[in-house]
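J.: here is my input, please return the structure:
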Amino acid sequence: MDQQKLLETNLAGPCGFYCGTCSHYLARAKGLLKEKNLKHGCKGCRIQDKKCAWVKRDCTLLRKKQIEFCFECADFPCANLVKLDQRHVRDDNMSLINNLLRIKKVGAAQWLKEQEDQWRCPECGGNICVIDKKCYDCGYKIR
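T.: Take a look at the predicted model:
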C-alpha cells in the first residue's frame, strides 16, 4: 500500500473497526494519555502496523499485506473475525462484519466519512469513544 493510501485509510482497520472511536487513539489524538493512564496511545491500525491481537496475528494474508481488508479473503468471515464481531456487537452495538461489507460496497474513503458522522457527539460535535461510551471532547455519555 502506498503512503498516501495508508494515510487515507489509517482509521479503517482491516477487521472493520473504526479506529476513530478507540480509547487509545482518541486519548493520543486529544492529548489525554496521562489522564487515561496510557503511555503511548495509538496512531491508528495501519500506521502502527502492529500485529493485531484480534485478527492480524492469526492471519497470514494480513500479516504479509496480501489483503487490505478481511472481506478480500476467501475465508471471510473467518472464525477469529466472527468471534471479534460478536464481542463488538454485544459490547459496542457495532458489527465489524457489517462494517466490512459496507467498505466493500462504498470504499474505505466513503465509509470513513460515514463513521465520522455516525460517531460525532450530538452535544459538541466532538469524538465519541465506542469503548468508554462518551465524548472525549465534552464528556457527553451515550447509552
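
J.: where is the longest helix in this protein?
T.: In the chain, with assignment by DSSP state H, the single longest helix is helix 79-92.

J.: name the residues that touch that helix?
T.: Under the contact criterion CB atoms under 8 Å, 6 or more residues apart in numbering, helix 79-92 has outside partners 15-17, 54-55, 58-59, 70, 77, 94-97, 130-131. Where C-beta positions appear, they are placed from N, C-alpha and C, glycine not excepted.

J.: got the buried residues for it?
T.: If you call a residue buried by 16 or more other CB atoms under 10 Å, then helix 79-92 has these buried ones: 80-81, 84-85, 88.

J.: circling back: now, of the contacts of helix 79-92, which are buried?
T.: Buried members of these, counted by 16+ other CB under 10 Å: 15-17, 54-55, 59, 70, 77, 94, 96-97, 130.

J.: give me the distance between Cys124 and Arg102.
T.: Applying CB to CB, to the nearest Å, the value for Cys124 to Arg102 is 26 Å.

J.: contacting residues around Cys121?
T.: Applying CB under 8 Å, 6+ apart, the residues near Cys121 are 127-128, 135, 137-138, 140.

J.: quick check, pLDDT for it.
T.: Listed pLDDT for Cys121 reads 96.

J.: can you give me phi and psi for it?
T.: phi -70, psi 130 (degrees, to the nearest 10).

J.: and it, how far from Leu26?
T.: For Cys121, the distance to Leu26 - CB to CB - is 11 Å.

J.: overlap in contacts, the two.
T.: With contacts taken as CB under 8 Å, 6+ apart, Cys121 and Leu26 have Asn127 as neighbours in common.
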